[in-house]
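Return atomic coordinates for the entry below.
(one chain, ligands or ions: 1)
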Amino acid sequence: MGRSFFFDEGVKIGIDLGGTKIEIVAIAQDGSELTRRRVPTPAGDYEATLDALAELVREVETQLGEHGTVGIGSPGAISAATGLLRNSNSTALNGKPLARDIAQRLARDVRVANDANCLALSEATDGAGADSAVVFAAILGTGVGGGVAVDRRVLAGHNGIAGEWGHNPLPWCRDDERPGPACYCGKAGCLETFLCGPALAREFTLVGGGECTPTEIVAAAHSGDLRAQGVLTIFEDRLARGLAQIVNILDPNVVVIGGGLSKIARLYKNLPPLIERYAITRPIDVRVRPAQHGDSSGVRGAAWLW
Ligand SMILES: [Zn+2]
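You can find the predicted model right below:
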């Protein structure tokens, strides 16, 4: 079957449960991908979402002819106290005991983790942070999240919120950055309100650049648009400030960036010296890398939860 060394260990099934789509992957013990599929998320319907998850697992196991372990990555956090999911942008899942309910349908234990923790675990296992003791993963997309892997294990934390970087305030604020935009979490000036994709687009509009996507802003900067260059420079400075705090507290070997904004290539050259400028000591050695598995990292990290 091509995985003869590991046949007795079984397959690892990972599921990325997003707001718009559910993706499932099965990987062998060596990380090679056995199968993958995706379906739309039943919008706003918790029971239908559970059905879809269970059906996907059954289909994959039928195809492979064996049972596997199941890990699920989802936006939001699992409360350590209650086992309930919270802070998910798939709001139909909030307040639901996702791990318990899906375990019941599949008649086995499942592990559920935050999507940023899955990214950290995936990249720590066989991606941009392989061979690194401490990996911090930041998701920069429509929202901003963070996750931590230590020695190839998720560091979930006592309350299940370790790495919740996006809702810390932007540090070393300038006067014009105070109090910062209102955040859905109820506070203002959270890193997410400065570092998510929509925030980058908003800043460009504010300097008179018009309505552009982050990709268009990067392209404009490349072709010499000074407003786009200025907005990206400020964005990088803010991102570096946020990451310098992580470096001061956690001192990761590598910072891995995922999400839509991870495609901004200049980040990987510009961020390390900026982080060093804000960190407590210098020189510092911190690598900043894009997620090696790209958009697949979350679902692979879910599989690696076992
Ligand atoms: Zn917030």
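
can you tell me which residues contact Val134?
If you count contacts by C-beta atoms under 8 Å, 6 or more residues apart in numbering, Val134 has them with 148-150, 250-253. Heads up, the C-betas are built off the backbone N, CA and C, glycines and all.

show me what contacts Phe204?
210, 212, 217, 227-228, 231.

repeat for Ser88
Counting by C-beta under 8 Å, 6+ apart, Ser88 touches 74-76, 94.

returning to that earlier point: out of the contacts of Phe204, which are buried?
Among the contacts of Phe204, those buried by neighbour count (16 or more other C-beta atoms under 10 Å) are 212, 217, 227-228, 231.

Reformat the residues you listed as TSV; add secondary structure and pLDDT.
Below are these laid out as TSV (DSSP: H, G, I helix; E, B strand; the rest coil; pLDDT from 0 to 100):
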residue	secondary structure	pLDDT
Cys212	coil	97
Ile217	helix	98
Arg227	helix	98
Ala228	helix	98
Val231	helix	98
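
The ion: which of those residues is nearest?
Nearest to the ion among the buried ones among the contacts of Phe204 is Val231, at 21.5 Å by C-beta to the ion.

now the strands for the stretch 101-250 of the chain?
For the stretch 101-250 of the chain, applying DSSP state E, counting those that start in this stretch gives strands covering 110-114, 134-140, 144-150, 153-154.

by how many degrees do the second one and strand 144-150 diverge?
Right, strand 134-140. With axes from the mean of the first three to the mean of the last three C-alpha atoms, to 10 degrees applied, the angle from strand 134-140 to strand 144-150 works out at 160 degrees.

how big is the angle separating strand 134-140 from strand 110-114?
Counting by the same axes, to 10 degrees, strand 134-140 points 70 degrees away from the direction of strand 110-114.

Which strands border strand 134-140, and is each parallel or antiparallel?
If you go by DSSP bridges, strand 134-140 pairs up with strand 144-150 (antiparallel), strand 254-258 (parallel).

Not counting its own residues, what contacts the shortest one?
Right, strand 254-258. Taking C-beta under 8 Å, 6+ apart as the rule, strand 254-258 contacts 116, 119-120, 123, 127-129, 132, 135-141, 243, 246, 267, 271, 286-292, 294, 297-298.

Buried ones only from those residues, please, as a PyMOL command.
A single PyMOL command selects the buried members of the contacts of strand 254-258 (16+ other C-beta under 10 Å):
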select buried, resi 116+119+120+123+127+128+129+132+135+136+137+138+139+140+141+243+246+267+271+286+287+288+289+290+291+292+297+298
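
Show me where the stretch 1-150 of the chain has its helices.
Using DSSP state H, counting those that start in this stretch, the helices of the stretch 1-150 of the chain run over 46-64, 98-106, 115-126.

Just want the most central residue of the protein.
For the chain, the residue nearest the mean C-alpha position is Ala116 (3.0 Å; C-alpha atoms, centre = their mean).

Return the distance of it relative to the ion.
From Ala116 across to the ion, the span is 14 Å (C-beta to the ion, to the nearest Å).

Now do the same contact list for that residue.
Ala116 touches 137-139, 145-147, 163, 258, counting by C-beta under 8 Å, 6+ apart.

Pull the most distant pair out of those residues.
Gly163 and Gly258 (12.9 Å; C-beta to C-beta).

any common contacting residues for the two?
Residues touching both Gly163 and Gly258 (C-beta under 8 Å, 6+ apart) are 116, 137.

wait, Gly146 sits on Trp165?
Yes - counting by C-beta atoms under 8 Å, Gly146 does reach Trp165; the two are 3.2 Å apart.

burial count for Leu226?
The tally of other residues near Leu226 (other C-beta atoms under 10 Å) stands at 11.

how far out from the middle of the chain is the helix or strand bottoming out on mean pLDDT in the chain?
Lowest by mean pLDDT, DSSP states H and E among the helices and strands of the chain is strand 77-78, with a mean of 76. Chain-centre distance of strand 77-78: 13 Å, with C-alpha atoms, centre = their mean, to the nearest Å.

Give me the sheet partners of it and which way each runs.
Partners of strand 77-78 in the sheet, by DSSP bridges, are strand 85-86 (antiparallel).

so for the strand it pairs with, what's the average pLDDT?
Mean pLDDT, strand 85-86: 80.

How far off centre is it?
The mean C-alpha position of strand 85-86 is separated from the chain mean by 16 Å, C-alpha atoms, centre = their mean.

neighbouring contacts of it?
Contacts for strand 85-86 (C-beta under 8 Å, 6+ apart): 74, 76-79, 93-98, 112.

and if you look at stretch 40-58?
With C-beta under 8 Å, 6+ apart, stretch 40-58 has contacts from 13, 15, 17-22, 24, 37, 39, 70, 72, 90-93, 96, 101-102, 105-106.

What about those, which are in strands?
13, 15, 17, 21-22, 24, 37, 39, 70, 72 (DSSP state E).
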